[in-house]
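Student: Show me how the following folds:
(2 chains)
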Number of protein chains: 2
Amino acid sequence: MKSVLDYIDANRDRFVDELVEWVRIPSVSSEPARAPDVRANADHLAAHLRGLGAGRIEVWPTAGHPAVFAEWLRAPGKPTLLVYGHHDVQPVDPLGEWITPPFEPAVREGRLWGRGVVDDKGQVYVHAKAVEAFVRTAGAPPINLKLLVEGEEEVGSVNLDALMREHTADLAADFVCVSDTAMFGRGIPSLCVGLRGLAYVEVFVDGPAFDLHSGSFGGGVANPVNALAKMIASLHDADGRVTVTGFYDDVRPLTATERAEIASLPFDEKAWLASTGAPATVGEKGYSTLERIWARPTLDCCGIGGGFQGEGAKTIIPARVSAKVSCRLVPDQDPDDVMRKLGEHLRRIAPPGVRVRVETLHGARPYLAPTDHPVYEVAKRAFSKAFGKPTVFMREGGSIPFVRTIADATGKPCLLMGFGQPDENAHAPNEWLDLSNYHLGIKSAAHLYDEIAHMGESGGKSG
Amino acid sequence: MKSVLDYIDANRDRFVDELVEWVRIPSVSSEPARAPDVRANADHLAAHLRGLGAGRIEVWPTAGHPAVFAEWLRAPGKPTLLVYGHHDVQPVDPLGEWITPPFEPAVREGRLWGRGVVDDKGQVYVHAKAVEAFVRTAGAPPINLKLLVEGEEEVGSVNLDALMREHTADLAADFVCVSDTAMFGRGIPSLCVGLRGLAYVEVFVDGPAFDLHSGSFGGGVANPVNALAKMIASLHDADGRVTVTGFYDDVRPLTATERAEIASLPFDEKAWLASTGAPATVGEKGYSTLERIWARPTLDCCGIGGGFQGEGAKTIIPARVSAKVSCRLVPDQDPDDVMRKLGEHLRRIAPPGVRVRVETLHGARPYLAPTDHPVYEVAKRAFSKAFGKPTVFMREGGSIPFVRTIADATGKPCLLMGFGQPDENAHAPNEWLDLSNYHLGIKSAAHLYDEIAHMGESGGKSG
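Tutor: Numbers count the residues shown, from 1 in each chain, chains lettered A, B, ... in the order given. As a prediction, the model looks like this:
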């Protein structure tokens, strides 16, 4: 490994220059006019990988933007690792807020600034450059490697599932590594081992056939806004627990180990709260804030609207009101099951004098990594070696749809090994990549390949 | 009286023709371009009254549209009655829904169709034609009469208060009669003796400084929509009573007599409910629907809005939500007092983790006629004589701001003697006036003047 690490050190600046070249291509997948750029972007990556000794490099078409596939299968008997990344980027609006133009990457304060530097081009290059270091010093990576870089992550990975089914054999692997997430805190190597799911419905409450004069009719018929408020208020008990019948049936309780791991993290709750602007942390009784946002299910109204919302005072009993109700799910809750229970519950608690209709909008399954598999200890060790600090397990309160797609399609352990920072502006103006993270990320990937190559040998390569 | 009533019968058709001429003038007070029409409309009325022997006729300018004033003071020693009406009309949109053009009045099915026929030109002419009948048959009305016809009722009577203060002496009277309301049901002579007031506030609930990702933050901070729902839900108890501290302090309970009067009305609750399209009547326990909409205070949300209200599923914890909260008030509730109590209550019940702000929008005082004054029995009798049916006391659940303005400015008993029908489309397309009501209304006004002229005489003129 010494020559590999030396190579990474020696080529540190060039690795940045090469990333800069790629970031110049405005591969915004959500803008139809940018489709040729997304295509050129895939071609640029493929051409770049072509120089790194891959046995096979292909640009795979999809119904939308193309994906890039590359493989290095020169370690017979060794495990195969599938690395996932994406080459498309977020839109840049509002453009006026960028300090330097999004597609003219600039280095300031030890950071590279530009659209896509961390989400996800820099993280794709972390692996490309680790591969390069092995290829140039040892001829090939020490494990069998497959790289899948899709072009539609920022538009919901809409064709990823079809692509993976089409290429099941091509993508066969023992483990999967996804580098598209952020670390828990600055310089803290982190593996994300859990994602919450989603159950999202809209509830419509109808009263009179049209807005009524609140003077002539007020007191005579039910007011849909008051009725919906009553319904929503009843969805939590005094301890902040969700009251929907059967809601917790499939919730896997946090183990003592998981709770201890979460408690051990250097979480600055005060700073976290300040970042929200909210006056206090609030939530389910008996759980810490991190537990609540990562590993407990929730029910939140994402929006509500009905009746008169203009300036001043219009005196009506509104005919209708509706609310968007979203639940974050944890293992082993099933979104379809929760949406069904939520719909039944909402219809059951409808107050007299209104009609309730529930529409199912969107579901996503939660994810929990099989952390008892030895590859997680291997990944932790590799990551720690590069950063010189213990690796932590963390979770993410949101959903990452492609992770479930990949985990389900492969059925293999998935390592969410991200090199971003929590405040990297991934979807906002002035996205940045910490260049030290980029450098240590490349070393982390190199260590990961090396550690996986030695999996099963007694004691691994620790120490 | 016989000659007066005969005159009214003999001139029945001409009275309609004359009303038609006046209705042709499009006196829409809310449209600035119609200001010359409103002025012409006032002049038309003044010219018409000039032929009816008034001692004084003036067009009074205001900061907005002019009012018309006329007086007949030829009954020394007799009471003075101030009659209020308005000569401006509602807009006509949507014009396409009118069967015949709004300003080309047409007679169909015993009704006169056109904008302003019942609200309020027809009701102003009810009095003008009753006066005419006395002038032509007896030389003058049997009481002293003052007629005030304002031009801004449909835009909130914004200058009425100033006008009445400016002309306090001109408008001095013993009683006031307002003919601008509808009857309880077809052919049922009705005096409106109560109006509800209004206390209207807007409540703003703020949580995070900006919309948060509901995945990353859900469970960590309070959700303003859920918090507001909880607050609104708590504003009623299980019996439908308002829980705002002190809300009922000044509510004058309905007397047994008042409840009996209301219960005796031929109220078709099924038809009333059908007209709303709501599935059931709902409200405060222990009171009938008529009692609830006329004589009990209420709390209704007129609108609510916050967070994502578009199509589909956006996963946020909204930064803010707000609701319009309106209370209908009954005697002796004071709008300022209720708005203060409501504001304090809302701030007090704010759940943890949100900030609550309450803005006062609009207040109106309730009105209850002093029905123990003998003039109400006199008016009942006059009305019954014309229609051949007992006169009922009714109330109106809404507020009529000018009634409070007039009642407060004069300090005199106010007779709300309306000749409209409940379904007359006063503010909608195809406004109509029942021509039989118009005719009997003229006779009712004549009987009212005659009965008032004999007030205090033993036994009145009943029988």
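Student: alpha carbons only for contacts and neighbour counts from here, please
Tutor: Fine.
Student: so how far is chain B from residue A:47?
Tutor: In this structure, residue A:47 lies at 37 Å from chain B, with C-alpha to the nearest C-alpha, to the nearest Å as the measure.
Student: I should have written residue A:400 there, sorry.
Tutor: The gap separating residue A:400 from chain B is 10 Å, by C-alpha to the nearest C-alpha.
Student: which non-adjacent residue is nearest that residue?
Tutor: Residue nearest to residue A:400 in three dimensions, not counting chain neighbours: residue A:195, with 7.1 Å by C-alpha to C-alpha, 6 or more residues apart in numbering or on different chains.
Student: Hmm, residue A:297 is touching residue A:332, no?
Tutor: No - counting by C-alpha atoms under 8 Å, residue A:297 stays clear of residue A:332, with 10.6 Å between them.
Student: And these two? Which one has more around it.
Tutor: Remark: of residue A:297 and residue A:332, residue A:297 carries more neighbours, 26 against 17, as counted by other C-alpha atoms under 10 Å in any protein chain shown.
Student: Which pLDDT value belongs to that one?
Tutor: In the prediction, the pLDDT value recorded for residue A:297 is 98.
Student: again with residue A:247
Tutor: Each residue has a pLDDT score; the one for residue A:247 is 98.
Student: How about the contacts made by the residue nearest to residue A:327 when sequence neighbours are not counted?
Tutor: Leaving aside its chain neighbours, residue A:327 sits nearest to residue A:299 (4.3 Å; criterion: C-alpha to C-alpha, 6+ apart). If you count contacts by C-alpha atoms under 8 Å, 6 or more residues apart in numbering or on different chains, residue A:299 has them with A:235, A:242, A:325-328, B:218.
Student: what touches both of residue A:297 and residue A:332?
Tutor: The contact sets of residue A:297 and residue A:332 overlap at residue A:251 (C-alpha under 8 Å, 6+ apart).
Student: Can you give me the neighbour number for residue A:117?
Tutor: Neighbours of residue A:117 under the rule other C-alpha under 10 Å: 32.
Student: Show me what residue A:368 is bridged to.
Tutor: Residue A:368 has these beta-bridge partners by DSSP bridges: residue A:194.
Student: wait, it sits on residue A:331?
Tutor: Yes - using C-alpha under 8 Å, residue A:368 is in contact with residue A:331, at 6.7 Å.
Student: which of the residues in the helix or strand harbouring residue A:339 are buried?
Tutor: For residue A:339, the enclosing helix or strand under DSSP states H and E is helix A:335-348. When burial is assessed from 16 or more other C-alpha atoms under 10 Å in any protein chain shown, helix A:335-348 yields the following buried residues: A:335-336, A:338-339, A:341-343, A:345-347.
Student: swap in stretch A:283-302?
Tutor: Applying a neighbour-count criterion of 16+ other C-alpha under 10 Å, one finds A:283-284, A:288-302 buried in stretch A:283-302.
Student: The residue sitting nearest the centre point of chain A and residue B:216: what is the separation?
Tutor: Taking C-alpha atoms, centre = their mean as the criterion, residue A:400 is the residue nearest the geometric centre of chain A, at 3.8 Å. As judged by C-alpha to C-alpha, to the nearest Å, residue A:400 and residue B:216 stand 11 Å apart.
Student: got it, and residue A:87?
Tutor: With distances defined as C-alpha to C-alpha, the gap from residue A:87 to residue B:216 amounts to 24 Å.
Student: between the two, which one's more packed in?
Tutor: A side-by-side neighbour count of residue A:87 and residue B:216, using other C-alpha under 10 Å, places residue A:87 first with 32 against 21.
Student: Contact partners for the more buried one?
Tutor: Going by C-alpha under 8 Å, 6+ apart, residue A:87 touches A:27, A:38, A:41-42, A:120-121, A:124, A:149-152.
Student: Return the per-residue confidence for it.
Tutor: Value for residue A:87, per-residue pLDDT: 98.
Student: now residue A:28
Tutor: Per-residue confidence at residue A:28 stands at 96 (pLDDT).
Student: So what sits opposite it in the bridge?
Tutor: Going by DSSP bridges, residue A:28 is paired in beta bridges with residue A:89.
Student: what's it in contact with, if anything?
Tutor: Contact partners of residue A:28, counting by C-alpha under 8 Å, 6+ apart, are A:34-35, A:37-38, A:88-91.
Student: again, but for residue A:78
Tutor: Under the criterion of C-alpha under 8 Å, 6+ apart, the neighbours of residue A:78 are A:142-144, A:453.
Student: Quick one: which of those is the most crowded by neighbours?
Tutor: That'd be residue A:142 among these, by other C-alpha under 10 Å, with 25 neighbours.
Student: show me where the stretch 201-350 of chain A has strands.
Tutor: Assigned strands in the stretch 201-350 of chain A, in chain order: A:212-213, A:298-307, A:316-317, A:320-329 (criterion: DSSP state E, counting those that start in this stretch).
Student: From the contact counts, what lies against the first one?
Tutor: Here strand A:212-213 touches strand A:316-317, going by 3 or more C-alpha pairs under 8 Å, 6 or more residues apart in numbering or on different chains; DSSP states H and E.
Student: Show me what the strand it packs on is packed against.
Tutor: Judged by 3+ C-alpha pairs under 8 Å, 6+ apart, strand A:316-317 is in contact with strand A:212-213, helix A:214-217, strand B:298-307.
Student: Let's test this: mean pLDDT of the first one, rounded?
Tutor: The one in question is strand A:212-213. When pLDDT is averaged along strand A:212-213, the result is 91.
Student: partner strands of it, parallel or antiparallel?
Tutor: The partner list of strand A:212-213 in its sheet, established with DSSP bridges, is strand A:316-317 (antiparallel).
Student: how far is the partner strand from where the chain is centred?
Tutor: Strand A:316-317 has its average C-alpha position 43 Å from the chain's average C-alpha position, going by C-alpha atoms, centre = their mean, to the nearest Å.
Student: contacts for it?
Tutor: Contacts to strand A:316-317, defined as C-alpha under 8 Å, 6+ apart, come from residues A:211-215, A:217-218, A:223-224, A:307-308, B:300-302.
Student: if you set the cut-off to 10 Å instead, what comes out?
Tutor: By C-alpha atoms under 10 Å, 6 or more residues apart in numbering or on different chains, the surrounding residues in contact with strand A:316-317 are A:207-208, A:210-219, A:221-226, A:307-308, B:300-303, B:324, B:326.
Student: which of the residues you listed are buried?
Tutor: Among those, those that count as buried by neighbour count (16+ other C-alpha under 10 Å) are A:207-208, A:211-219, A:221-226, A:307-308, B:300-303, B:324, B:326.
Student: quick revisit: joint contacts of residue A:400 and residue B:216?
Tutor: Common neighbours of residue A:400 and residue B:216, counting by C-alpha under 10 Å, 6+ apart, are A:195-196.
Student: Residue A:383: how many residues sit nearby?
Tutor: Applying other C-alpha under 10 Å, we find 28 other residues in the vicinity of residue A:383.
Student: Tell me where the model's unsure across the stretch 351-463 of chain A.
Tutor: Applying pLDDT under 70 to the stretch 351-463 of chain A picks out residues A:458-463.
Student: For it, just list every one of the strands.
Tutor: So, for the stretch 351-463 of chain A - with DSSP E, counting those that start in this stretch - the strands run A:355-364, A:367-368, A:392-396, A:414-417, A:432-434.
Student: how about JSON lines for the ones you listed, with mean neighbour count added?
Tutor: Output for the strands of the stretch 351-463 of chain A, formatted as JSON lines (neighbours: other C-alpha atoms under 10 Å in any protein chain shown):
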{"stretch": "strand A:355-364", "mean neighbour count": "18"}
{"stretch": "strand A:367-368", "mean neighbour count": "22"}
{"stretch": "strand A:392-396", "mean neighbour count": "22"}
{"stretch": "strand A:414-417", "mean neighbour count": "26"}
{"stretch": "strand A:432-434", "mean neighbour count": "27"}
